[in-house]
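>>> Pasted the sequence and its predicted model underneath.
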Amino acid sequence: MELNHTHDASRRSWLDSANAPGCDFPLQNLPLGVFRRAGSAEAWRGGVAIGDQIVDLGALQALPGLRDGAAEAMWAAAGPTLNGLLELGPELWRALRHELFSLLLAGSLRERQVREALIPQADAEHAVPVRIGDYTDFYTSLDHAVNCCRQFGIEVYPNFDWLPIAYHGRVSSIDVSGQQVYRPMGQYRPDPRSAPVHGPCQRLDYELEVGAVIGVGNARGTPIPLASAQQHIFGLCLLNDWSARDIQTWEMQPLGPFLAKNFATTLSPWIVTLDALLPYRTGWSRNPGRPQPLDYLRSAQNAAAGAFDIQLEVSILSARQLAQGRQPNRLTRTSFRHQYWTLSQMIAHHTVGGCNLEPGDLLGSGTISGPTPGEAGALIELTSSGTNPVDIGDGETRGFLEDGDTVVFRGWCERETYARIGFGLNYATVLPSPAPA
């Protein structure tokens with residue numbers, strides 16, 4: 001994967017909104033998702049975000065003059081999920097990106113035809129963009145692990161230094177930005193001297209993560225080596241791994257999370273391709289005083305460009321603030337570059353025992369926290385398990401989430417001499433627990 005003309009920050013689109021300062025979706029981004037007109041019975045189909053519009057790939061796929069690889073990729077991407085595109089592999093993903101770049105570039109001779117395939121983002125609703133077969137959530141931020149373990153007077157487990165820890169999550173409760181998340185019911189033990197109780201979660205939390213969508217998979221029994229792992233990633237999105245902390249604390253020994261994690265996971269609607277993210281790769285290293293990875297998790301390539309400098313923010317809007325049209329108060333600002341393990345290392349370890357990944361599989365990065373207090377990616381860290389509530393604006397504070405709260409994630413990449421590209425919003429709202437049947 002090499003930088004090319006589609007990363008040139010001087011290129012502009014004929015669509016003015018794509019050239020606006022701070023736009024998440026300039027010509028250099030071109031993320032993919034699945035949409036239809038809001039409130040309609042239209043078929044879901046693939047689209048590409050550009051400025052404040054969506055290119056309807058279903059309407060564009062019959063455009064004459066498309067190059068062979070791009071035409072095949074566009075037909076595959078126009079369906080109700082992007083899985084057909086994922087299966088085609090990096091060469092055709094890149095062909096589609098280059099064709100779309102050409103069509104949307106200022107001076108394109110086919111501007112009129114492409115304009116006819118535009119739909120305002122404000123008029124659209126979104127679906128999960130891929131059919132997810134399996135979902136694995138990792139635990140790969142040392143800062144997050146240290147912050148949480150300190151609260152319980154324990155040390156980070158020794159295996160954290162040696163392998164990317166993970167668990168297999170629930171696919172059926174994954175939804176897209178705008179999801180309504182019911183406060184989960186479960187069993188927890190508020191008093192360690194008494195029996196557990198059953199009821200609504202009292203310590204509902206979010207976890208700021210990046211989701212990686214697998215493109216081309218691997219055959220069962222054939223591990224993906226670290227050196228080629230990035231070629232198996234189609235793109236990235238923002239992921240909220242909702243967590244019921246009281247339920248989690250009681251249930252997770254000895255097998256890990258269950259009800260505390262299976263009730264909801266929220267994805268941002270647009271997948272930013274790895275091609276678009278190439279300029280924002282960065283080096284990965286580990287403090288030399290800590291153990292270094294085993295050979296299968298270590299390479300010069302991973303050290304040079306295995307991490308991604310994705311800027312991330314978290315904010316909370318209460319129901320009252322939302323009704324009053326208030327702007328959210330930022331609680332966290334951090335970067336994905338701080339992760340203790342890279343996505344390539346996660347994939348290499350995931351498959352080293354012979355596990356086969358498939359197109360559309362989803363990997364969660366684990367909570368993303370940085371080294372300073374304002375970079376914590378979950379309330380359990382920011383508030384010291386609720387004992388030190390944070391200010392969310394207008395005199396309201398939170399130890400953990402309350403009913404009616406909307407959690408908002410933002411993500412973007414910026415680097416000198418390159419265009420700023422963004423992920424759009426990942427937001428979801430907490431609803432009360434459903435009444436018992």
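Thanks, I have the structure now.
>>> Quick one: residues contacting residue 427.
Taking CB atoms under 8 Å, 6 or more residues apart in numbering, we find residue 427 in contact with 177, 178, 266, 406, 407, 408, 409. In this view, the C-beta of every residue, glycine as well, is placed from N, C-alpha and C.
>>> nope, residue 107 is what I was after
By CB under 8 Å, 6+ apart, the neighbours of residue 107 are residue 14.
>>> Doesn't it lie inside a strand?
No - membership of residue 107 in a strand is not supported by DSSP: H, G, I helix; E, B strand; the rest coil, which gives coil.
>>> Show the pLDDT at it.
Per-residue pLDDT puts residue 107 at 97.
>>> cool, and residue 151?
At residue 151, pLDDT is 89.
>>> can you check the one 5 residues further on too?
Among the per-residue scores, residue 156 shows a pLDDT of 94.
>>> repeat for the one 10 residues further on
In the prediction, the pLDDT value recorded for residue 166 is 97.
>>> on that earlier part again, output the contacts of residue 427 in JSON lines; the columns should cover neighbour count and secondary structure.
JSON lines is the format used below for these (neighbours: other CB atoms under 10 Å; DSSP: H, G, I helix; E, B strand; the rest coil):
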{"residue": "177", "neighbour count": "22", "secondary structure": "coil"}
{"residue": "178", "neighbour count": "15", "secondary structure": "coil"}
{"residue": "266", "neighbour count": "27", "secondary structure": "strand"}
{"residue": "406", "neighbour count": "19", "secondary structure": "strand"}
{"residue": "407", "neighbour count": "25", "secondary structure": "strand"}
{"residue": "408", "neighbour count": "19", "secondary structure": "strand"}
{"residue": "409", "neighbour count": "26", "secondary structure": "strand"}
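>>> Can you tell me which of these is nearest residue 230?
Nearest to residue 230 out of the contacts of residue 427 is residue 409 (CB to CB; 23.1 Å).
>>> thinking that closest one is in contact with residue 314, fair?
Yes - Residue 409 is within contact range of residue 314, at 5.9 Å (criterion: CB atoms under 8 Å).
>>> Export stretch 109-123 to CSV, keeping only CA atoms.
Taking Å, rounded to 0.1, in the frame of the first residue of the first chain, the C-alpha atoms of stretch 109-123 are listed here in CSV:
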residue,chain,number,x,y,z
LEU,A,109,-16.6,15.5,-17.4
ARG,A,110,-19.2,13.3,-15.8
GLU,A,111,-20.1,15.7,-13.0
ARG,A,112,-23.7,16.1,-14.2
GLN,A,113,-24.4,12.3,-14.2
VAL,A,114,-22.8,11.9,-10.7
ARG,A,115,-24.8,14.9,-9.3
GLU,A,116,-28.0,13.0,-10.3
ALA,A,117,-26.8,10.1,-8.0
LEU,A,118,-26.4,12.4,-4.9
ILE,A,119,-28.6,12.2,-1.8
PRO,A,120,-28.2,14.7,1.1
GLN,A,121,-26.9,13.0,4.2
ALA,A,122,-29.5,14.8,6.2
ASP,A,123,-32.2,12.9,4.3
